[in-house]
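K.L.:
A predicted structure for the sequence below; I have some questions about it.
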Amino acid sequence: MSLFATQPITRPIHYVNIALFLCFQCCGIVWKNEILSIPQLEYTIFSTGKSWIDSLSHPLILTGLIGQVLLLMHAFNRRWNRKMNTLTVSLLAVLVLFLGFVGAITHQGKMVVMQIPFLIATLIYFKIAYKKTGV
């Protein structure tokens, strides 16, 4: 039951969730000598798949779509669930770290740099969401 417990959302959490969503849109990958953002890559994978079920079940598409929807949901609700929001941010951060790791292995500096804004926004989220209060 505590997984679904909500509390009033603060204005900084609204802004950080929106920033995380926008920064995730800017994350990217070098795909066939082209720089693609994650939404463009999701569309490419989805449109070139053999069937829409196979394409929709691709981990990159599934993780990205669910994460983006949950981020927007948490950004615009009056109440938020910190555990669920943290799970969403962590899931997207793992995906972005994986893309950064792939960029580092393949010596694609542009790909690594494209992940940095999201990772900085993630650190800001954790600082705001888990700051110590005087209570």
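P.N.:
That came through fine.
K.L.:
tell me how many other residues crowd Phe46.
P.N.:
Counted with other CB atoms under 10 Å, residues neighbouring Phe46 total 16. C-beta: built from backbone N, CA, C; applies to glycine.
K.L.:
correction: the previous question concerned His14.
P.N.:
16.
K.L.:
make sure it is actually in contact with Ala75.
P.N.:
Yes - with contact defined as CB atoms under 8 Å, His14 reaches Ala75; the gap is 5.7 Å.
K.L.:
those helices in this protein, which residues are they?
P.N.:
Applying DSSP state H to the chain gives helices spanning 11-26, 38-48, 52-56, 59-76, 82-105, 109-129.
K.L.:
give me the beta-bridge partners of Arg79?
P.N.:
Judged by DSSP bridges, the bridge partners of Arg79 are Pro8.
K.L.:
wait, isn't it in contact with Gln7?
P.N.:
Yes - Arg79 is within contact range of Gln7, at 6.4 Å (criterion: CB under 8 Å).
K.L.:
return the distance of Asn77 relative to Thr48.
P.N.:
From Asn77 across to Thr48, the span is 35 Å (CB to CB, to the nearest Å).
K.L.:
higher neighbour count, those two?
P.N.:
Shown here are Asn77 and Thr48; by other CB under 10 Å, Asn77 has more neighbours (14 against 8).
K.L.:
distance of the residue positioned nearest the centre of the chain from Ser47?
P.N.:
Central residue of the chain (CA atoms, centre = their mean): Leu92, 3.5 Å from the mean position. Distance, Leu92 to Ser47, by CB to CB: 22 Å.
K.L.:
same check, this time on Ala104
P.N.:
28 Å.
K.L.:
of those two, who's got more company?
P.N.:
Per other CB under 10 Å, whichever of Ala104 and Ser47 has more neighbours is Ala104, with 13 against 9.
K.L.:
ok, the nearest residue to the more buried one once chain neighbours are set aside - contacts?
P.N.:
Excluding its sequence neighbours, the residue lying closest to Ala104 (CB to CB, 6 or more residues apart in numbering) is Val112, at 5.6 Å. Counting by CB atoms under 8 Å, 6 or more residues apart in numbering, Val112 makes contact with Gly100, Gly103, Ala104.
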